[in-house]
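1. Let me see the structure of the following:
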Amino acid sequence: MTDTHSRPSLPLVGAHAGRSRRTCALKCGDACFHEPPNDSDNGYFADVVQQVVSRRSLLKGGGSMLVLGATAGATTLPAAPAAAEEVATAATAHPEGGNSGTGLRFTPIEPTPFYVDDLIVPKGYDSIVTIRWGDPVLRGAPEFDVERQSAKAQAGQFGYNADYVAYFPLRGSRRGLLWVNHEYTIPDIMFVPGTYSADDPTREQVDIELQAHGGTIVMVRRTGSRGTGYQYRPRSRYNRRITMTTPMEITGAAAGHEWLRTSADPTGTMVLGMLNNCAGGMTPWGTVLTGEENFHQYFANNDLVTDPEVLAIHTRYGLTEGESDRKWERFHDRFDLAQEPHEPFRFGYIVEIDPYDPDFVPRKHTALGRCKHEGAGPALTDDGRVAAYMGDDETFEYVYKFISRRRYRRNDRKHNLRLLEEGDLYAARFDGDSPPEELERYNDWRDPGQMPSDGEFDGRGVWLPLVEGGESKVPGFTVAQVLINTRAAADAAGATKMDRPEDVQRNPVNGRVYMSMTNNVDRGVGDNPGVDEANPRRIDKNGVIAGNKYGHVVELQDNGNDAGSTTFRWRLFLVCGDPSDPTTYFAGVDREDVSPIAAPDNVAFDNRGNLWIATDGQQLTIGRADAFHAVPVRGDERGRVRQFLSVPAGAEACGPEFSPDNETLFVAVQHPGDPEVAPSVWPDGQYPPRPSVASIFKTSGNPRIGT
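-> Predicted coordinates:
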């Protein structure tokens, strides 16, 4: 459907316009309404333990312009190895050039009000729904029926709240395997109205939620020869559901550590399921990496934990006292910290899954650290090792990089499947080159938006070692402790506190890394950290201190464009918001020629290296529906943001993912509908709304997306 809305003025709106408090609670544990768990001054963990214990006792007792290096020699991901029908196509590198090299010629749509209940795409494009929540994917699974839903049925059906999407080709151009994360559930609108009580859920409702988490692997097939969308195949031998009851292997130096041992698993090496999986990545050997994010919200009774060290770690990760919002602990002891205080240590990892092998046991890789992982963006180093870039999605948290100990072997799948079990782990420190008074000038409400004298927010940086050469580089931490208590290790190392690091991915065309900092309303507020050059915004245009409401995108280039380097240069690529706001910045392009954008989240690249950005929270900041935006990263149009689509009422835009020929763009429509703010009946025109993955394609001309 084409856009028909003229561009209105974009108001600044409150924290929950377009999303209810309940939706926020279920999405991320209401993180925006809690004090940031990182209150460290980069001190040692022993100090943090003492602070937490003391606080609990008190409560009980007293009631010049930087130019990034050349892009020649950027490493692209090689094809996945063949297993019967597998053929993966790597992106083709294109040199830097003028506008003609970007291939982006679509007419941007206008920002859509957050309550419009439709998927809006540009003129000359169309969409179809590829798969919906509840569609049967396994043999024997029933058709979706909200009045007869059961845990057994949901275990064989497409899960809830689709997020990260990855496409794995099969032989030929028309078939592939789609991996989709199922981040979290919203039971308030999953069940027949009037049958669910947030204060008193039933055992069956809770078990349905457990089966709706995780991920889905499903075969998809193009509906036509070229320039068409994809639909799923319900009876493929590849189809698989990963849920909260799927056995998973724990790998790496932390496997077997006492903190990972529970009553159900005294070895600390196996765990059931994965939680709150958000973004991810695709490895060179054809597996998917999926990141466990806001796992903290599922656990109850942190106030009943008696071990002060365990209590301090849980508190640093945001686990709270009392009952959980979901009440899962009423039926499953593993979510009750009074019963199983170590269970949360078994979540918060990067999980690897082989979509081509239905019998593959998923692997939680502790070597990549434990945090609220948005995802992992793989790349190959110059010497053939595997790097993975990662963000910890919470205010004032860190950006990480993992580098494997062993090298990738192109035709040795067995070897490659163990590459992520050992390696070095780093946290990023961003050093700016502008004096503090220039950052203050940028935030001066009387004349805001004055850029630093060198014209950019930029600088150099260091990947600080947490684990290197098989040894801990953080005093007082063993390797296993670094990998389980990664946040505290990064605190001690002196990493830079960022504005909610979400997706972090390396562009396979130019070799640069693009990092979404979604927002941070606490930047500069009260006793929280103030601005630095990598996080320079802290006030709105009215002079009221409001942190960084709109987010920004960082562009990073490792030294020598080698993913194995431990030093880098960086600059801000975008400082987001409505272009009428003088504190916005779009890589230097004229603000009059860009679309508004806020809350950047997932990122992807087309085969020309253009950056595609999905948003999560535009309705909370600029009062408009979440969207996909396309942005050239080179040439005269570098930084020109153009809105490509918007998602239905109340929904979040997730993905993006391209078919290898760039003729289809997949979008995951997460949590359509919010009864309190933006009701939805998408995609079927009836209740309940169903989170889905849709295919976007051109209806005429060059079939490649964006052209």
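
2. what's the one helix or strand residue 180 maps to packed up against?
-> Using DSSP states H and E, residue 180 sits in strand 175-182. If contacts are counted by 3 or more CB pairs under 8 Å, 6 or more residues apart in numbering; DSSP states H and E, strand 175-182 sits against strand 125-132, strand 162-169, strand 214-222, strand 230-232, strand 277-282, strand 288-292. Bear in mind the C-beta positions are built from the backbone N, C-alpha and C, glycine included.

3. next SSE after the shortest one?
-> Using DSSP H and E, the next helix or strand after strand 230-232 towards the C-terminus is strand 240-242.

4. contact partners of that next one?
-> 137-138, 155-157, 159, 211, 214-217, 273-274, 353, 355, 358, 362 (CB atoms under 8 Å, 6 or more residues apart in numbering).

5. mind running it again at 10 Å?
-> 137-138, 141, 154-159, 177, 179, 181-182, 211-218, 246, 248, 273-274, 277, 290, 351, 353, 355, 357-360, 362 (CB atoms under 10 Å, 6 or more residues apart in numbering).

6. Mark which of those are buried, thanks.
-> Listed as buried from these are 137-138, 141, 154-159, 177, 179, 181-182, 211-218, 246, 248, 273-274, 277, 290, 351, 353, 355, 360, 362; burial here means 16 or more other CB atoms under 10 Å.

7. In stretch 137-152, which residues are buried?
-> For stretch 137-152, burial by neighbour count (16+ other CB under 10 Å) applies to 137-138, 141, 144, 146, 149, 151.

8. Next: stretch 441-456.
-> Residues of stretch 441-456 classed as buried: 441-443, 448-449, 451-452, 456 (neighbour count, 16+ other CB under 10 Å).

9. hey, where'd the helices end up in the stretch 251-400 of the chain?
-> For the stretch 251-400 of the chain, the helices defined by DSSP state H, counting those that start in this stretch occupy 308-316.

10. Then the chain?
-> Along the chain, counting by DSSP state H, helices occupy 21-28, 45-61, 151-155, 187-190, 203-212, 308-316, 413-416, 436-442, 479-484, 486-493, 618-621.

11. now the longest one: mean pLDDT?
-> The reference is to helix 45-61. On average, the pLDDT along helix 45-61 is 40.

12. The buried residues of stretch 441-456 in strands, which ones?
-> Judged by DSSP state E, strands contain none of these.

13. Can you tell me which of the residues you listed is nearest residue 311?
-> Closest approach to residue 311 among these (CB to CB): residue 443, at 37.4 Å.

14. contacting residues for the residue nearest to the closest one when sequence neighbours are not counted?
-> Excluding the flanking residues, the one nearest residue 443 by CB to CB, 6 or more residues apart in numbering is residue 539, at 4.9 Å. Residue 539 sits next to 442-445, 448, 523-525, 531, 545-549, 583 when contact means CB under 10 Å, 6+ apart.

15. Which single one of those residues is nearest to residue 598?
-> For the contacts of residue 539, the nearest to residue 598 is residue 549 (7.6 Å; CB to CB).

16. low pLDDT regions in the stretch 501-650 of the chain?
-> Applying pLDDT under 70 to the stretch 501-650 of the chain flags residues 541.

17. Which of the helices of the chain sits closest to residue 101?
-> Here helix 618-621 is closest among those (CB to CB), at 28.9 Å.

18. so what's the residue nearest to residue 156 when sequence neighbours are not counted scoring on pLDDT?
-> Closest residue to residue 156 apart from its sequence neighbours, by CB to CB, 6+ apart: residue 141 at 2.9 Å. pLDDT recorded at residue 141 is 98.

19. What of residue 97?
-> You'll see residue 97 listed with a pLDDT of 33.

20. Repeat that for the one 4 residues further on.
-> pLDDT, the model's per-residue confidence, is 70 for residue 101.

21. ok, now how distant is it from residue 271?
-> Separation of residue 101 from residue 271 (CB to CB, to the nearest Å): 46 Å.

22. Sounds good, over and out.
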